[in-house]
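>>> What would the 3D arrangement of this be:
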Amino acid sequence: MIEIIFKNQIGLPIQMLMEFKGYNSLGELTYVPVNVDTIGIPLTNNPADTAMTVIALIN
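Numbering: from 1, shown residues only. Below is the predicted model of the structure:
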């Protein structure tokens, strides 16, 4: 399992497409796209307010 943790202090919704590549058990190059439709945003405009989004990739 891989966990990616994003901490965001920007008051705008963020979308992203991540692409991971690696080799499978046959030695072939494999691509895994991960589409994150929205990363959490802070609830207030306080500069210390931070939203945290955890993305877990499980085989």
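>>> hmm, what's the outermost residue in the chain?
In the chain, residue 26 marks the outermost C-alpha relative to the chain mean, sitting 27.5 Å out by CA atoms, centre = their mean.
>>> check contacts around it.
Contact criterion CB atoms under 8 Å, 6 or more residues apart in numbering gives no residues in contact with residue 26. (C-beta placed from N, C-alpha, C; glycine too.)
>>> Next, find the distance separating it from residue 16.
According to CB to CB, to the nearest Å, residue 26 stands 29 Å off from residue 16.
>>> and if you look at residue 36?
As judged by CB to CB, residue 36 and residue 16 stand 5 Å apart.
>>> Residue 6: neighbouring residues, count only.
Summarising burial for residue 6: neighbours were counted as other CB atoms under 10 Å, giving 14.
>>> Sorry, slip of the keys, the one I care about is residue 36.
14.
>>> ditto for residue 53
Using other CB under 10 Å, residue 53 has 15 neighbouring residues.
>>> Sticking with the residue nearest to residue 42 when sequence neighbours are not counted, tell me its helix or strand.
Nearest-residue entry for residue 42: residue 49, 3.9 Å, with adjacent residues in sequence omitted and distances by CB to CB, 6 or more residues apart in numbering. When elements are defined using DSSP states H and E, residue 49 is found to belong to no helix and no strand.
>>> List the contacts of residue 49.
Residues touching residue 49, when contacts are defined by CB under 8 Å, 6+ apart, comprise 9, 42-43.
>>> And residue 29, by the same measure?
Contact partners of residue 29, counting by CB under 8 Å, 6+ apart, are 21-23.
>>> Among the residues you listed, which lie within strands?
For the contacts of residue 29, membership in strands holds for 21-23, with DSSP state E as the criterion.
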